[in-house]
Each structure stands twice: as C-alpha cells, then as structure tokens.
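Colleague: the following comprises the amino acid sequence and a computationally predicted model.
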Amino acid sequence: MKSLPLLLLCLSCLRAAAGESPGPVLGAHVLLGQAEGLGQNPATTLPMDTQASSSIFIAFNAGYADNASTPADNYGNRWRPLDAGLPYAGYDGAFVVRPYVALNSRGGPAHRLSVAKPGHPSGELSLSFVEVMHANRVVALKQNYAAPSTTVASDVIDVDGPAVLLAFWWGDGGVKRMDVAPDDGFQVIDNFTRLPDESGVQAVVAWKQVGQAGRYRVRWHVSPAQGAALWLIAIR
C-alpha cells in the first residue's frame, strides 16, 4: 500500500495533469479616501500589481450622487454596475454608494482605477478597488441598509461551493473617528475610519475564504453607533 504522503502527491499530480485550475483567492486591493474640499478630479487610486488575466475586479464609488460615475482603469476593462446602489440615509439623496464589476479582465503592473467627478470635483469620495484571482463570476450578492446600531448585519447569501466573500461597510454617521470590526470570520483588508477634519466617506472592506457551499453573513461591530449601507458578495 502507498504511504499517505505519496498518495497525496500522486493526487496532486493527477489534478495538475487534468488541468484543474486553482480556486478563487483574494488578490490586490486598495482604498482611496478623498477629503471634502480637497478631492481631485478624476479620483485615482494608488497603483497596484494585478494578474494579467483570470481575475474579477470589484469597485465601489461612494460620495456625492453627481460624482457617481462608472469607473475606468488603465487596462481598458469594461465596468458595469453590480446593482443600482444605495443612497445614504439622512442626506436627501445627495450621497450614494454604487458597486461595479469587471469580468474577463486584464491586469498587470501599476494597475489604477479612476472615476470622474463632474458634479463636485473637489468633493469627498471613497473608491474601493479589489481583485479576486482565479475567478470568473459573481455567484451571490446581497445589499441592505442597516439602521443605526452598535452591531449591524448583512443579509444572508447562499454559496454553492468554495468562494471568496467580500464584505463592504459604508457608514452614514456624522463622526470623524470610529471603530468598525467585522465578525463571523471576516478580516479587514482596507479601511477609512479616521477621517480628516474636512470630513470624508467612511468605509471598511473585509474578506473571508470559504471552502464549501453554505449560507453566510457578516456582522459589524461599530462604535459609535451609526447606520450603514452593507454589501456581501461571493465570487467563484
């Protein structure tokens, strides 16, 4: 009988010979936060190195509604809305957050994402840009708007297999210093929770790798209490 290590090695060889592709995994990510009155037009993220192919890119544009432009990147990918987005509560529609996706994407060194700001060129804005490698589709997405609380929760998503889960918290409180932490096994990858004196758009991005089908959600612990627009996205 073969020893266990040798058997595992043989199974790995069979997978490689069959051309089995690796599962989805978190790639590069960046979050841009621009202060009110000090923002630049266009808003452009810092550069990051991404895969040449086989990645999905997710972006969120949060700020003035008249700055809610579709993103563009320096690799010419086609960006489309993931959903209609959400207006921030208490601002009479003046502020919104909108998600976007680029499928079958190209990447490489010094990858940047930009959005035009036609309405308020110097206005506050936060722009999230996340890569998920070895992936080709969004398999689940839920958005919800949580009322002010010290603990808020996303809606539940159903996932049909191994996936990368991305969670986004976009708070609406009129505060400039806050503590925001995800629960349920999620880890923060980007945050903008120490806002400048001029104000800004608070944001936290977290992720979780799941190895099997199931139902998932994320709870956020927030101090001080505030409401938030929440997204939970599964990518395979």
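Modeller: Everything's here; your move. Numbers count the residues shown, from 1 in each chain.

Colleague: other SSEs contacting the helix or strand hosting Lys208?
Modeller: Element membership of Lys208, judged by DSSP states H and E, is strand 203-210. The criterion is 3 or more C-beta pairs under 8 Å, 6 or more residues apart in numbering; DSSP states H and E, and the helices and strands that strand 203-210 contacts are strand 25-34, strand 125-133, strand 163-171, strand 179-182, strand 187-192. Just so you know, the C-beta spots here come from the backbone N, C-alpha and C atoms, and that holds for glycine as well.

Colleague: partner strands of the longest one, with direction?
Modeller: By that I understand strand 25-34. strand 125-133 (antiparallel) (DSSP bridges).

Colleague: do the last one as well
Modeller: Strand 187-192 sits in its sheet next to strand 203-210 (antiparallel), going by DSSP bridges.

Colleague: the shortest one now?
Modeller: Strands that pair with strand 179-182, judged by DSSP bridges, come out as strand 219-235 (antiparallel).

Colleague: in the strand it pairs with, what's buried?
Modeller: Using 16 or more other C-beta atoms under 10 Å as the test for burial, strand 219-235 gives 219-220, 222, 226-235.

Colleague: ok, now stretch 175-188?
Modeller: Met178, Val180, Ala181, Pro182, Phe186.

Colleague: kindly report the same for stretch 36-51.
Modeller: Within stretch 36-51, judged by 16+ other C-beta under 10 Å, the buried ones are Glu36, Gly39, Asn41, Pro42, Ala43, Thr44, Thr45, Met48, Thr50, Gln51.

Colleague: now those residues as TSV including secondary structure and pLDDT?
Modeller: Below are these laid out as TSV (DSSP: H, G, I helix; E, B strand; the rest coil; pLDDT from 0 to 100):
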residue	secondary structure	pLDDT
Glu36	coil	98
Gly39	coil	98
Asn41	coil	99
Pro42	coil	99
Ala43	strand	99
Thr44	strand	99
Thr45	coil	99
Met48	strand	99
Thr50	coil	99
Gln51	coil	98
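
Colleague: give the contact list for the residue nearest to Ser199 when sequence neighbours are not counted.
Modeller: Nearest non-adjacent residue to Ser199, counting by C-beta to C-beta, 6 or more residues apart in numbering: Glu36, 4.3 Å away. Residues counted as contacts of Glu36 (C-beta atoms under 8 Å, 6 or more residues apart in numbering) are Ser122, Gly123, Glu124, Pro196, Glu198, Ser199, Gly200.

Colleague: which among those count as buried?
Modeller: Among the contacts of Glu36, the ones that count as buried by 16+ other C-beta under 10 Å are Gly123, Glu124, Gly200.

Colleague: I'd like the residues you listed laid out as a markdown table, including distance to Arg215 and pLDDT.
Modeller: Converted to a markdown table, those look like this (distance: C-beta to C-beta, whole Å; pLDDT from 0 to 100):
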| residue | distance to Arg215 | pLDDT |
| --- | --- | --- |
| Gly123 | 39 | 99 |
| Glu124 | 36 | 99 |
| Gly200 | 34 | 98 |
